[in-house]
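> Return atomic coordinates for the entry below.
(one chain, ligands or ions: 1)
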Amino acid sequence: MNHTLDLINKRRSTRTFSDRPISEETLLTLKEATLRAPTAGNMALYSIVEVTDQAKKDQLAIICDNQPMIGKAPIVWVFLADMQKWVNYFKESGAVARADEAGHAAWRAPGLGDLHLCMQDAIIAAQNAVIAGEALGLGSCYIGDVIENFEDLRSLLDLKQYTIPAAMLIFGYPAQTQSTKQSPRCPVDAIFMENSYKEPHIGDLERAFSVHEEARRRVGALPYDNTATLADYYYLRKHTSAFMAEMDRSTRVMFDWWQHG
Ligand SMILES: Cc1cc2nc3c(=O)[nH]c(=O)nc-3n(C[C@H](O)[C@H](O)[C@H](O)COP(=O)(O)O)c2cc1C
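The predicted structure is shown next:
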C-alpha cells in the first residue's frame with residue numbers, strides 16, 4: 001500500500017510514551033511539517049504554545065480533567081486560534097490609522113467569523129502535526145479537555161483577548177507496551193452524504209455505530225449490566241457528564257472574551 005495511506009490507516013492515539021528522547025532535529029522536522037498545513041489566506045491564524053516547563057505540564061494535566069499522561073508526555077503543544085497577532089500587526093504597523101485617515105475602512109474588531117477561520121487554521125495544523133509525527137515514529141493524542149477551565153489556562157499561558165485554545169496534542173515515542181489495536185470507525189456511507197444532508201434516524205444510527213456497540217459490549221462496558229445500547233453509554237458517560245458541562249461553561253467564557261474583552 002501507499003506509504004502515506006499506510007501511516008494514516010494504522011494510526012491510533014498514543015497515551016503511554018517510552019523514555020526515548022526526541023532529538024532537536026526530529027522536533028524541528030515536526031514543527032516545519034506542521035507549518036506546511038494549509039492556512040486561510042496564508043495568514044497563519046494560529047500559534048502553538050510548546051509547554052516544556054514541567055510545573056506547567058503538571059498544571060495542564062490537572063486542569064485538563066486530571067490526565068497524568070500530559071505531565072509525562074515529551075512534547076505538549078497547545079494550538080491557539082490567534083487573531084491577536086494580526087490585531088497587533090494592523091495597529092502597530094499604522095495600517096488601521098492609515099485606512100481610517102484615508103477614509104478607506106474604519107476599525108473592525110475581530111468577530112465570530114474571524115474566530116471560526118482561526119479555529120480552522122489551528123486544527124488543520126494540528127492534524128498535519130499528527131500525521132507528520134506518525135511519519136517520524138512519534139505517537140500522539142489530542143486533549144479535548146484543553147477547552148475546560150479557560151480562566152486557569154488563560155493565566156497559565158498568559159493568553160490575550162484574541163488567542164483562545166483550539167486543540168491540544170501530546171507526542172512521544174510509543175511505549176513498547178502500547179497495543180496496535182485500533183478503535184472502530186463508522187462505515188463510509190454513514191458519514192458521506194451526496195448533495196444534501198440526510199438526517200439519520202434510529203435504523204441508520206444503529207447500523208452506523210453497531211461495530212462500536214459490539215466492541216463496548218465485548219468488554220462489558222455498557223451500562224445497566226451491559227444490556228444497554230451505545231446511545232445509553234454516550235448519553236450517560238459523555239453527554240450528561242460533569243466535564244461536558246464544564247466544557248460548555250468554559251467555552252462560553254472564552255467566546256465572550258473574544259467578542260467583548
Ligand atoms: C477533539 C479530540 C479530543 C480528544 N480528547 C482526548 C482526551 O482528552 N483524552 C484522551 O485520552 N483522548 C482524547 N482524544 C482521543 C480520542 O479518544 C481518540 O481519537 C478516539 O477514541 C479514537 O481512537 P484513535 O485515535 O486511537 O483512533 C481526543 C480526540 C479528539 C479528536
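
> Find the closest residue to the ligand in the stretch 51-200 of the chain.
Gly144 (2.8 Å; Cβ to the nearest ligand atom). Yep, even glycine has a C-beta here, placed from its N, CA and C like the rest.

> can you tell me how far that residue sits from Lys238?
10 Å (Cβ to Cβ, to the nearest Å).

> which parts of the one helix or strand Asp248 maps to are buried?
According to DSSP states H and E, Asp248 maps onto helix 242-260. Residues of helix 242-260 classed as buried by neighbour count (16 or more other Cβ atoms under 10 Å): Glu246, Met247, Ser250, Met254, Trp257, Trp258.

> about what we covered before: compare Gly144 and Lys238 and say which one has the larger neighbour count.
Gly144 (13 against 10; other Cβ atoms under 10 Å).

> Output the longest strand belonging to the protein.
If you go by DSSP state E, the chain has its longest strand at strand 163-172.

> for that one, packing partners?
strand 75-82, helix 112-135, strand 139-142, helix 150-157, helix 242-260 (3 or more Cβ pairs under 8 Å, 6 or more residues apart in numbering; DSSP states H and E).

> how about stretch 216-233, does it reach the ligand?
No - under the criterion of Cβ under 6 Å from any ligand atom, stretch 216-233 makes no contact with the ligand; the nearest approach is 11.9 Å.

> Can I get that stretch in PDB, CA atoms only?
Provided in PDB are the C-alpha atoms of stretch 216-233 (Å, rounded to 0.1, in the frame of the first residue of the first chain):
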ATOM      1  CA  ARG A 216     -18.200  -2.000  24.100                       C
ATOM      2  CA  ARG A 217     -20.400  -5.000  24.800                       C
ATOM      3  CA  ARG A 218     -17.500  -7.400  24.400                       C
ATOM      4  CA  VAL A 219     -15.600  -5.700  27.300                       C
ATOM      5  CA  GLY A 220     -18.800  -5.400  29.400                       C
ATOM      6  CA  ALA A 221     -18.600  -1.600  29.200                       C
ATOM      7  CA  LEU A 222     -22.300  -0.700  28.600                       C
ATOM      8  CA  PRO A 223     -24.500   0.400  31.500                       C
ATOM      9  CA  TYR A 224     -27.400  -1.400  33.000                       C
ATOM     10  CA  ASP A 225     -25.500  -4.700  33.400                       C
ATOM     11  CA  ASN A 226     -24.200  -4.500  29.800                       C
ATOM     12  CA  THR A 227     -27.700  -4.600  28.400                       C
ATOM     13  CA  ALA A 228     -27.800  -1.000  27.100                       C
ATOM     14  CA  THR A 229     -27.100   0.500  23.700                       C
ATOM     15  CA  LEU A 230     -24.200   2.700  22.700                       C
ATOM     16  CA  ALA A 231     -26.600   5.600  22.900                       C
ATOM     17  CA  ASP A 232     -27.100   4.900  26.700                       C
ATOM     18  CA  TYR A 233     -23.300   4.700  27.100                       C
END
